[in-house]
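Engineer: For reference, the sequence and a predicted model appear below.
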Amino acid sequence: MKTKFKKQRGILLVLMSLFLMTACQNENETATLEEAVMNDELAKRSAEVDLISDDIGLIVEEASLENKSATSFLPPCVTITIELSEGFRQKTLDFGDGCELPNGNIVSGIIIMSHEINTDPAHREIAVSFDNFTRNGVLIEGTRSIERILTNDAGNPQSTAQVNMQVTWLDETTATREGVRIREWIEGVGTGTWTDNVFSITGNATTTGRLGNTYAANITTALRREAVCAFIVSGTVELSRNDNTGTLAYGEGTCDGEATWTNPNGETVTIYLD
């Protein structure tokens with residue numbers, strides 16, 4: 001009887017060991033899969049945050065102009081309110097429940113811009129905040145502080161933004177970004193229309209994905225944003241965490257909504273942007 005019991009117990013222990021080994025293996029495979037998916041997904045989300053940030057930049061740039069263009073990037077459906085209070089000018093851009101930008105993206109909600117009155121328009125600091133503001137259904141929260149100069153060393157207008165923003169997609173996925181974004185207006189300055197405006201964007205930031213993993217994002221080749229296009233058309237961003245580094249490339253100048261992500265293992269996939 002004791003011998004039979006020992007055999008049964010031995011079989012049970014072997015089965016439990018096999019179960020635990022299989023469970024651990026499956027867990028490790030799942031973690032590896034989630035890590036791989038998360039890397040590709042974070043690259044796509046990072047690209048989308050770039051686009052969101054740059055549309056905000058286009059809006060703020062246009063709203064900051066002292067001399068209005070003959071044709072404005074700001075759509076007719078936006079309601080602009082200006083208030084003067086305690087030495088500050090506050091400009092509120094209300095896009096209502098949905099307002100289409102000239103590049104085809106849909107924005108809603110409010111952007112609030114404020115700066116000191118009587119400051120030199122050639123060098124101005126602007127505080128930007130959001131009230132239920134969305135772009136293509138994606139909610140943007142947070143703030144940005146912008147230093148805007150009319151002429152940099154190359155003779156172009158330039159804005160340097162300290163960005164602290166959180167993005168929430170419709171599936172409740174979130175990403176946060178903190179960093180510096182430098183936007184130089186390199187083409188179309190003073191022509192009286194937004195359609196030939198082109199911007200060169202540099203800077204660096206940290207982006208935190210839905211699993212709490214934080215990546216450093218460093219623009220290694222300046223991003224090119226043409227106002228008539230809904231997408232970034234060229235430039236590269238290096239994403240890194242710990243000793244792992246990948247590259248997000250936006251192409252060679254075509255407005256196609258595609259980017260390529262090369263992960264730390266050297267594998268390249270095409271990312272299609274919304």
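Structural biologist: That came through, no problem.
Engineer: Ile126 contacts Ala63, correct?
Structural biologist: No - using Cβ atoms under 8 Å, Ile126 is not in contact with Ala63; the gap is 9.2 Å. Just so you know, the C-beta spots here come from the backbone N, C-alpha and C atoms, and that holds for glycine as well.
Engineer: got the buried residues for stretch 192-201?
Structural biologist: Applying a neighbour-count criterion of 16 or more other Cβ atoms under 10 Å, the buried positions in stretch 192-201 are Trp194, Asn197, Val198, Phe199, Ser200, Ile201.
Engineer: and the residue nearest the centre of the chain, which of the three is it?
Structural biologist: When the chain is reduced to its mean C-alpha position, the closest residue under Cα atoms, centre = their mean turns out to be Val49, at 1.6 Å. At Val49, secondary structure determined by DSSP: H, G, I helix; E, B strand; the rest coil is helix.
Engineer: Can you flag which of the buried residues of stretch 192-201 belong to strands?
Structural biologist: Secondary structure from DSSP state E places Val198, Phe199, Ser200, Ile201 of these in strands.
Engineer: quick check, nearest of those residues to Asn164?
Structural biologist: When those are compared for distance to Asn164, the smallest value, 17.4 Å, is given by Ile201; criterion: Cβ to Cβ.
Engineer: quick one: the closest one from Glu116, how far?
Structural biologist: Distance of Ile201 to Glu116, given as Cβ to Cβ, to the nearest Å: 26 Å.
Engineer: Count the residues that sit near Asp153.
Structural biologist: Look at Asp153: counted by other Cβ atoms under 10 Å, it has 6 neighbours.
Engineer: Quick one: classify it as helix, strand or coil.
Structural biologist: Assignment for Asp153 (three-state DSSP): coil.
Engineer: For it, give me its contacts.
Structural biologist: Not one residue lies near Asp153 by Cβ atoms under 8 Å, 6 or more residues apart in numbering.
Engineer: Repeat that for Ser129.
Structural biologist: Ile111, Ile112, Gly142, Thr143.
Engineer: Tabulate the residues you listed (CSV), appending pLDDT.
Structural biologist: Putting the contacts of Ser129 into CSV (pLDDT from 0 to 100) gives the following:
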residue, pLDDT
Ile111, 97
Ile112, 97
Gly142, 96
Thr143, 95
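Engineer: from the residues you listed, which is closest to Thr262?
Structural biologist: For the contacts of Ser129, the closest approach to Thr262 (Cβ to Cβ) belongs to Gly142, at 29.1 Å.
Engineer: isn't the closest one right next to Asn164, touching?
Structural biologist: Yes - in this structure, Gly142 sits in contact with Asn164. The criterion is Cβ under 8 Å, and the distance is 4.9 Å.
Engineer: returning to what we had before: anything in contact with each of Ile126 and Ala63?
Structural biologist: Residues touching both Ile126 and Ala63 (Cβ under 8 Å, 6+ apart): Met113.
Engineer: Can you get me a residue count around Asn218?
Structural biologist: 17.
Engineer: Quick check: bridge partners of Val138?
Structural biologist: According to DSSP bridges, the residues that bridge with Val138 are Arg135.
Engineer: Just grab the bridge partners of the residue lying closest to Arg45 once chain neighbours are set aside for me.
Structural biologist: The spatially closest residue to Arg45, leaving aside those adjacent along the chain, is Ala175, at 5.1 Å (Cβ to Cβ, 6 or more residues apart in numbering). According to DSSP bridges, the partner residues bridging Ala175 are Val167.
Engineer: go on, Ala217?
Structural biologist: Going by DSSP bridges, Ala217 is paired in beta bridges with Ala205, Leu239.
Engineer: One more: Ser145?
Structural biologist: Ala127, Gln162.
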